[in-house]
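Peer 1: no FASTA, just this:
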């Protein structure tokens, strides 16, 4: 494989990244990590290990104190606000605290992810119904999210994260409030998105969802990688490249 092709395979690249919160909480310390396009990667570790911070860095909710964070070949530290907003359209995020609009319906919350990419209303309705069906929430289409249980809200947050067919999906403890059966539904949906081409990074302490997986598992402890290979097989560091357009095909 030539250098250009090899470089374009990497969608996430963190190089010696550190992040400290006031006064002296070292959330991430000297972390280097690369992720290939089309990978499913698990970030594991106890609460406070640095998993959530890494997800925040990848969406520029937080900025590193040291090091470089690249997504789709773009150095996030050098992007204007406008270009970062455009890049975020190709990143789906399921937050640990959900960040749903409580006075909006389930369908309206999910639609937000597609409206920003000017998806046709008919496609939004079809895709929303399909995702809710996959997550066992077909009967909650018109329900305000404030009336849902935490487990249901969590599934809606995941549905919103994947609905826009983003090239990169970041999920923070996606099965934390779910039973085994519902966990299976969520992981099946993420696997479906991955087969459609999405790269997925899952921050979790739920060993059951990665115990028998063939996907890479990276363990963090006190903000450092202590287990797992931070560089995917037959790939290497790369130079910035142009972000690919998001695939807006139906789910």
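Peer 2: All right, it came through fine. Not measured: the values here are computed from a predicted model.

Peer 1: buried residues in stretch 134-153?
Peer 2: 134, 135, 137, 140, 141, 144, 145, 148, 152, 153 (16 or more other CB atoms under 10 Å). C-beta coordinates here come from the backbone N, C-alpha and C atoms, glycine included.

Peer 1: just stretch 227-234 next, same as before
Peer 2: By neighbour count on 16+ other CB under 10 Å, the buried set for stretch 227-234 is 231, 232.

Peer 1: gap between it and the chain center?
Peer 2: What separates the centre of stretch 227-234 from the centre of its chain is 19 Å, taken as CA atoms, centre = their mean, to the nearest Å.

Peer 1: circling back to that earlier point, just to be sure, which of the buried residues of stretch 134-153 are found in helices?
Peer 2: Using DSSP state H, 134, 152, 153 are the members of the buried residues of stretch 134-153 that sit in helices.

Peer 1: any idea of the mean pLDDT in the helix or strand containing residue 26?
Peer 2: In this structure, residue 26 sits in strand 25-36 according to DSSP states H and E. The average pLDDT for strand 25-36 rounds to 97.

Peer 1: mind listing what's buried in it?
Peer 2: Result for strand 25-36 [16+ other CB under 10 Å]: buried residues 26, 27, 28, 29, 31, 33, 34, 35, 36.

Peer 1: format those residues as a markdown table; extra columns: distance to residue 165.
Peer 2: Output for the buried residues of strand 25-36, formatted as a markdown table (distance: CB to CB, whole Å):
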| residue | distance to residue 165 |
| --- | --- |
| 26 | 36 |
| 27 | 31 |
| 28 | 29 |
| 29 | 34 |
| 31 | 29 |
| 33 | 24 |
| 34 | 23 |
| 35 | 18 |
| 36 | 19 |
